[in-house]
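[1] Quick one, fold the following:
(one chain, ligands or ions: 1)
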Amino acid sequence: MADVVVVGGGVIGLTTAVCLAEVGHRVQVWSALFPKRTTSAVAGAMIGGPVLAEPRESAVRWQRESLEIFDALAGHHGTGVSLARGRLVSRLGAGLPPWAAELPGFAPCTEAEHAGFPLAFWISSPIVDMPTYLDYLVDRLCRAGGDIEIRTVEALAEAAPGADVVVNCTGVAAEALTGDEQVQPVRGQHVVVENPGLTEFFYEGGADREWVSFFPHDGRVVLGGNAAPGDWNLDPDDDQTETILRRCAAVEPRLANARILGVEVGLRPGRPSIRLAEEPLDSARLIHCYGHGGVGVSLSWGCAREITTML
Ligand SMILES: Cc1cc2nc3c(=O)[nH]c(=O)nc-3n(C[C@H](O)[C@H](O)[C@H](O)COP(=O)(O)OP(=O)(O)OC[C@H]3O[C@@H](n4cnc5c(N)ncnc54)[C@H](O)[C@@H]3O)c2cc1C
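    The predicted structure follows:
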């Protein structure tokens, strides 16, 4: 069994580390930030919607494999994963896309449930309370004999001495660590409010820069959404907070007076295509796994399993 250093303690690095440790590799995660301070902690996170990521064929398989595992985790206390009913809507076109009726729990919306959107239907999907889920992954890693160290590398080669394999799961930081100019941040802001009693999620698809979304997790609801490619700013933007609250409350009036618990910003690791590839690094094997954009949680188990197979 190999000695593995996984650089990165977001959802991609932790899931990879769990899979490798559970088949017997000796795994250490090196992460610049505590998992709950990463982009992964900011995600909504929805698992079951359509994934349009590249490489297409692999992404579809990664999502299918991940969905099976999230389905199994749903309902297990302490994982942060639950199976919820929710609406997918769009302001682009009124015709149902051909894949819609195949989604679990599909049902058409009534006129009132359209909430002003021309296209709207119900599905059921796992949704993930990310701070709780990241804790669960760290705990599962430690129970499998793995370890996590808060440690920043200047170069991936720092991890090579003493490791047979280095896995690069550094998200948007992969740009600086690998010189990959195709990586760029896609900034997103969420507003987290006290849950006024919601159990169903809502997600507007097909919009580029601004949309309406909310995901209830027990006592809190995560409201979004927006995407700003090329923006590295991690400071919350008050205008965006106001827009998010206003648009979500227009769909769900119970959100109008919900107490704000926090405003969170994350940098999605944007790339035209996810990079899951191997190259040599001094005497070690280097496996890159980054560039998951807005679907990293949804694809995490599929990618981690593929890396486990590669080893
Ligand atoms: C607002 C928002 C909403 C989202 N909603 C969803 C959703 O509903 N569904 C979904 O699937 N995805 C969603 N995403 C996308 C998802 O969050 C990302 O795809 C995913 O978090 C990427 O995970 P990662 O582990 O690659 O990166 P990150 O979470 O960014 O982790 C990178 C890790 O690398 C470490 N690192 C970086 N540089 C170094 C270094 N030099 N040395 C050591 N460690 C280093 C960091 O500390 C961190 O631990 C959303 C993202 C945002 C911002």
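[2] Next SSE downstream of the helix or strand hosting Ser58?
    Secondary-structure element containing Ser58, defined by DSSP states H and E: helix 56-73. Moving toward the C-terminus from helix 56-73, the next helix or strand (DSSP H and E) is strand 81-90.
[3] near the ligand, anything from that next one?
    No: using CB under 6 Å from any ligand atom, strand 81-90 stays clear of the ligand, with a minimum separation of 11.5 Å. To be clear about C-beta, it is placed using only N, CA and C from the backbone, and glycine gets the same treatment.
[4] for the residue in the stretch 201-311 of the chain that the ligand sits nearest to, what are its contacts?
    Nearest to the ligand, among the residues of the stretch 201-311 of the chain, is Gly296, at 2.3 Å (CB to the nearest ligand atom). When contacts are counted by CB atoms under 8 Å, 6 or more residues apart in numbering, Gly296 is found next to Gly10, Val11, Ile12, Thr39, Ser40, Ala43, Gly171, Arg268, Pro269.
[5] Which residues are in contact with the third one?
    Contact partners of Ile12, counting by CB under 8 Å, 6+ apart, are Ser40, Cys169, Gly171, Cys289, Tyr290, His292, Gly296, Ser300, Cys303, Ala304.
[6] Do me a favour and get the end-to-end distance for stretch 212-231?
    20 Å (CA to CA, to the nearest Å).
[7] er, stretch 223-242 I mean
    Distance across stretch 223-242, first residue to last, is 11 Å (CA to CA).
[8] Could you check how far the residue nearest to Ile12 when sequence neighbours are not counted is from Lys36?
    Using CB to CB, 6 or more residues apart in numbering and skipping the chain neighbours, the partner closest in space to Ile12 is Cys169 (4.3 Å). The gap separating Cys169 from Lys36 is 16 Å, by CB to CB, to the nearest Å.
[9] So if I had to pick from these two, which one is more boxed in?
    Neighbour count, other CB atoms under 10 Å: between Cys169 and Lys36, Cys169 has more, with 31 against 15.
[10] if we can go back for a sec, now the helix or strand hosting the residue of the stretch 201-311 of the chain closest to the ligand, how far from the chain's geometric center?
    Gly296 is part of helix 296-310 when elements are defined by DSSP H and E. Relative to its chain's centre, helix 296-310 lies at 13 Å (CA atoms, centre = their mean, to the nearest Å).
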